[in-house]
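1. Just need the structure, nothing else, for what follows:
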Amino acid sequence: MNVFPKEFRSVRLDDENASVVILDETALPQQEIYLQIRTAEEMFDAICKLKVRGAPAIGIAAAYIIYICMKRKETDSYADFLAELRQLIKYLCSSRPTAVNLSAALSRMENVVVSNPTESVHHLKELLHKECLAIDSEDVAACHAIGENALTLLRPGMGILTHCNAGHLATSEFGTALAPVYLGQQRGYNFHLFVDETRPLLQGARLTAYELQKAGIDATLICDNMAASFMASDAIDAVLVGCDRIARNGDVANKIGTFGVAILARYFGLPFYVLGPSSTIDMNCPGGEAIEIEERSANEVTEMWYAKRMAPTQIKVKNPAFDVTPYSLISAIITEKGVFNGNKFEPIK
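-> Residues are numbered from 1 along each chain as shown. Have a look, this model is predicted:
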């Protein structure tokens, strides 16, 4: 079902070489470079610097590195094994606080050990191996199911706007927001994609445009501030975006700029769909106001993608990585478990 070469994956386990292999997304679109990550420190750096990114992908990557690190742990003591596991999990959880898939995947790895206190350390390592592979395979299945569910809401030939990257590069494979696009391609839907460049890190321009072109999808890159004009021209029929955290009331945290796109979609009467696995739903978070928003470095705004600095040296800069779209602006939230819409968000857990 996947439209990409087998080796073109954002993250995979290389157990034979005791490493996690990630596609360095900071090198795209110029180069496809694969990195072998062997330590928690290397993974922390890769997640922080967005070498691996996308809520599902970083959850998978973190689970894999936990297994690799704990596989090397030489002890027969359950207490020592659990203590080091928890230390690694706390450390990795701090790398990107907004994406709930990271903490959810790491919690699953911890629960494997906590729930088996009488097992040998050797067997606990086997259980961690099994769990991290399950997290990956479950995401593959979820992405495919999300695509099927979303496709029921779309018509052949639609113009679709997407923001940031919620495709193959952000997940195990296939993507969330882009899953129905790839599925539709296989079934002759002939969608046309409009890709927001997604300032300041340009995930749309560097990543979404790259993977869509690689898959042979008809796509057009636009600047973020062009979206309203294209909506007004009737070129866009629907908006598909991913998500990094869904609160219990349906509010959604996603890449900065998503909130503005949702407001535009409401003004122009266009459906605004949020797509993500159910693991993105945080039932412990009551609403968007409780979501911690990651603040990133000012240089991403002022100089990172420029040949020379493009702002005065003393200017103050704010760079929140995400914003929150209230559920009232969302036409439907689509997970692998179904399509959720209406006046109240009632997820199936």
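
2. In contact with Glu336: list those residues for me.
-> Going by Cβ atoms under 8 Å, 6 or more residues apart in numbering, Glu336 touches Ala141, Ala142, Cys143, Ala145, Ile146, Asn149, Pro277, Ser278. In short, each C-beta sits where N, CA and C put it, glycine included.

3. Skip the chain neighbours and tell me the closest residue to the most far-flung residue of the chain relative to its centre.
-> Residue farthest from the centre of the chain, counting by Cα atoms, centre = their mean, is Asp76 at 36.5 Å. Distances taken as Cβ to Cβ, 6 or more residues apart in numbering place Val121 nearest to Asp76, at 5.8 Å, with adjacent residues excluded.

4. what about that neighbour, distance to Val113?
-> 9 Å (Cβ to Cβ, to the nearest Å).

5. Would you list the phi and psi of Pro5?
-> Pro5 has phi and psi values of phi -60, psi 150 when expressed as degrees, to the nearest 10.

6. Helix or strand next in line after the host helix or strand of Glu131, which one?
-> Using DSSP states H and E, Glu131 maps to helix 121-151. Proceeding N to C from helix 121-151, the next assigned helix or strand is strand 159-162, under DSSP H and E.

7. just to revisit the earlier point, which strands or helices does the helix holding Glu131 pack on?
-> Judged by 3 or more Cβ pairs under 8 Å, 6 or more residues apart in numbering; DSSP states H and E, the packing partners of helix 121-151 are strand 11-14, helix 55-71, helix 78-93, helix 100-114, helix 179-186, strand 272-275, strand 332-335, strand 338-340.

8. Give the buried residues for it.
-> 121, 124-125, 127-129, 131-133, 135-136, 138-140, 142-147, 149-151 (16 or more other Cβ atoms under 10 Å).

9. again with stretch 72-79
-> For stretch 72-79, by 16+ other Cβ under 10 Å, it's Tyr78.

10. And it, end to end?
-> Stretch 72-79 has an end-to-end distance of 16 Å (Cα to Cα, to the nearest Å).

11. what's the answer for stretch 296-304, then?
-> One end of stretch 296-304 to the other measures 12 Å (Cα to Cα).

12. what do you get for stretch 324-340?
-> First-to-last residue span, stretch 324-340, Cα to Cα: 18 Å.

13. Mind listing what's buried along it?
-> For stretch 324-340, a neighbour-count test (16+ other Cβ under 10 Å) marks 324-327, 329-340 as buried.
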